[in-house]
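In: model this:
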Amino acid sequence: MSDFDLLLKWGNLGFYSRCEITNIFVLDKESNIAYNFFTIFVMEDSISIDSTFKNVMPKLVELSKRFSIGIKQSQIIASSVQQIYESLLSSRDKCDIGQGNLYTGKLKPLARQFVQPDSTIEPLLNKVIKNNYRNGSYILEFFDMTKPLKSMLTVQELSKASLAIQDVIPIDLFAISDRIGNIIFQFPVQVISVTFSPDRSDQSLKLELHMDKRIDVAKRYCAIAHHSFEDVLVGHNIQFNIDVDNCKLQVGDADGLNCVQIIDEDTGLIVYMSSTSFMAQVSIAQHFGMRFGAERTIGEERLQIHSRELLRIPKKVSANWKDFTYKRQYQMSLKKLESQMKFIQYGTNGPEREKALRDVRELIQRRDAPKIYLWDPYLTANDILETLYFSPNYGTELRAISSSLAFPEKKLADEWIHEQKVIFETQSNNYGINLIFRLQHGNKGFPFHDRFLIFIDDDNVARVWSLGTSINGLGKTHHILQEVNNPQHIVDAFEKLWGQLDDNTCLIWTDKK
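Out: Residues are numbered from 1 along each chain as shown. Here you go, the predicted model:
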């Protein structure tokens, strides 16, 4: 039996009668060709079917003069989906899911995958599949191996496309961009629902199971539970032919992260999987309202005061042997982050100027990126000479933005720009340097505050570090150098401002003749 037949079969995972198709496409207006941006087929248990394709977006969203994006949805009977699936197995660069030719890259069918719901683990695939918050889902995925859209669209167009999608449906292709161009068939597990909790001794897990009434064999499932700590299995049990009305697994240790799986013994399919930790104690902070200013003409204002005392409801008062390990893990994690330069703290024991400068230079040399951007409202030529000029490769594209905060209020921008040019001309031979340095001032661009060091690799994938202070303040007082999440958002903001400063009155320095 094929994977598709196994997953679709009545009662294995659900009782599917229809399929919802969501197709996200990009229209190339020059060639009038529609490309697959992402398509998902979701199996559902519902009798009603609306086979007409509906536009989810009121109209196509323009990504640029050449490209637009749209979303269409429709429903078909579940038995018809297999024909589409099988046609994709032999497709080359286009397919038809009911609305004409849709162009794709080279599609590679992947082995079936089980995607568990978000819990202590958050699988990224949950950002692009539908409502996977109960038992989990199996998916069959066609992976676009050539991804024509990723080569045709700019980073800005891809970012705009992802945001336009999120405005109307909860599919986040910004977070999992490797799935752009893919086609997914989703089979949600609907035959069973499960909850579990530890007993008072933290040695057993009690499972409550509720099966779909259409399941013909009650004792067809087995339960597996395990608890690991530091990659060591400290609690484990498996029970076959479980009694859904009374299932208790003796695991030995359930105090921590527990993983529970329910497996169909007949098919070998997972029908439930989740990883969960349980609350050990509750802390409640008290707060009160304090009134002040009542006697003044400005009127009455209220200030919320938080109590320093916490009302704690502990689960147990005895020490846990794992607490010693948790402390050691924290220290090791911090050291690892520092060695990877993802989190470094300065100034806790006095000034560390030289160390901070060395770290920033080492970061620039380690990343070895073809594009490096520096964004700092107090940035000067000397700051750039001490940092970006340590890039080891000839011709690395260097961009930097400063602001009028970098010079005294009474000084004119032209005068300060001239001073910076003299520094570049006299303090370095600028050999191999490919730098453009721009100034935000007056009504040019928009004011900014944060300081970032941005690296963009050959595939236009960005990594960004927050400096925590300006270059001229590195290591002088307390600050934190750390890698940031969602780096592309910062790159987009930088490039938006960069475009607004494309003006001769904003140009401080360029090595391009």
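In: what separates Ala225 from Asn460, distance-wise?
Out: Distance, Ala225 to Asn460, by Cβ to Cβ, to the nearest Å: 44 Å. Bear in mind the C-beta positions are built from the backbone N, C-alpha and C, glycine included.
In: ignore the last one, Ser391
Out: Computed with Cβ to Cβ, the distance linking Ser391 and Asn460 is 18 Å.
In: Compare those two (neighbour count), which wins?
Out: Neighbour comparison, Ser391 and Asn460: the larger count goes to Ser391, with 23 against 14 (by other Cβ atoms under 10 Å).
In: and the more buried one, what pLDDT?
Out: Looking at Ser391, its pLDDT is 87.
In: hang on, isn't it packed against Arg399?
Out: No: taking contacts as Cβ atoms under 8 Å, Ser391 lies outside contact range of Arg399: 11.8 Å.
In: Spatially central, which residue of this protein would that be?
Out: Central residue of the chain (Cα atoms, centre = their mean): Ala175, 4.1 Å from the mean position.
In: Now that residue: closest residue in space, sequence neighbours ignored.
Out: Spatially, and ignoring its direct neighbours in sequence, Ala175 is nearest to Lys127 (5.1 Å; Cβ to Cβ, 6 or more residues apart in numbering).
In: ok, the one you found - contacts?
Out: By Cβ atoms under 8 Å, 6 or more residues apart in numbering, the contact set of Lys127 is Ile171, Asp172, Leu173, Ala175, Ile176.
In: hmm, back to that, now for Ser391 and Arg399: what residues contact both?
Out: Applying Cβ under 8 Å, 6+ apart, one finds that Ser391 and Arg399 are jointly contacted by Ile372.
In: Surely His236 is in a helix?
Out: No: when DSSP: H, G, I helix; E, B strand; the rest coil is applied, His236 is found to be strand, with no helix at that position.
In: Can you tell me who it pairs with across the strands?
Out: His226 (DSSP bridges).
In: pretty sure it contacts Leu205?
Out: No: with contacts counted by Cβ under 8 Å, His236 stays clear of Leu205, the gap being 11.0 Å.
In: who's more crowded, those two?
Out: The neighbour count for His236 versus Leu205, taken as other Cβ under 10 Å, is higher for Leu205 (24 against 16).
In: Assign a three-state SS to the more buried one, would you?
Out: Leu205 is classified as strand under three-state DSSP.
In: now the one 5 residues further on
Out: Judged by three-state DSSP, the three-state class of His210 is strand.
In: Not counting its neighbours along the chain, what's nearest it?
Out: Using Cβ to Cβ, 6+ apart, the closest residue to His210 is Ser193 (4.8 Å).
In: tell me the contacts of that neighbour?
Out: Arg134, Asn135, Leu209, His210.
In: Most neighbours among these, which one is it?
Out: Asn135 leads these on contacts (other Cβ under 10 Å) with 22 neighbours.
In: Skipping adjacent residues, who's closest to that residue in space?
Out: Setting aside the residues directly before and after it, Asn135 is nearest to Val189 in space (Cβ to Cβ, 6+ apart), at 4.0 Å.
In: Tell me if I'm right that that neighbour and Ser137 touch.
Out: Yes: between Val189 and Ser137 there is a contact under Cβ under 8 Å: 6.4 Å.
In: Verify the stated contact: the residue nearest to the centre of the chain with Leu124.
Out: Yes: with contact defined as Cβ under 8 Å, Ala175 counts as touching Leu124 (6.3 Å).
In: Now do the helices in this structure.
Out: 3-8, 81-89, 148-152, 155-166, 322-339, 353-367, 381-386, 413-427, 487-500 (DSSP state H).
In: so can I have a markdown table of the ones you listed showing distance to Leu269 and mean neighbour count?
Out: Formatted as a markdown table, those follow (distance: least, Cβ to Cβ, whole Å; neighbours: other Cβ atoms under 10 Å):
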| stretch | distance to Leu269 | mean neighbour count |
| --- | --- | --- |
| helix 3-8 | 7 | 18 |
| helix 81-89 | 18 | 15 |
| helix 148-152 | 33 | 16 |
| helix 155-166 | 31 | 19 |
| helix 322-339 | 34 | 11 |
| helix 353-367 | 44 | 16 |
| helix 381-386 | 59 | 19 |
| helix 413-427 | 66 | 14 |
| helix 487-500 | 37 | 17 |
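In: To Val42, which of those helices lies closest?
Out: Nearest to Val42 among these is helix 81-89; the distance by Cβ to Cβ comes to 10.0 Å.
In: So which elements touch the closest one?
Out: The helices and strands touching helix 81-89, judged by 3 or more Cβ pairs under 8 Å, 6 or more residues apart in numbering; DSSP states H and E, are helix 3-8, strand 33-44, strand 94-96, strand 107-109, strand 183-188.
In: looking at the ones you listed, which is closest to Phe229?
Out: strand 183-188 (31.7 Å).
In: in this structure, which ranges drop under the pLDDT threshold?
Out: Along the chain, segments meeting pLDDT under 70 span 200-202, 218, 230, 244, 251-256, 277-341, 512-513.
In: okay, now the domains of this protein?
Out: Annotated domains of the chain cover 3-188, 192-276, 281-314, 337-510 [automatic domain parsing].
In: Tell me who's in contact with the nearest residue to Gly347 once chain neighbours are set aside.
Out: Nearest residue to Gly347 in three dimensions, chain neighbours excluded: His478, at 3.6 Å (Cβ to Cβ, 6+ apart). Contact analysis of His478 by Cβ under 8 Å, 6+ apart lists Gln345, Tyr346, Gly347, Thr348.
In: That concludes my questions; thank you for your assistance.
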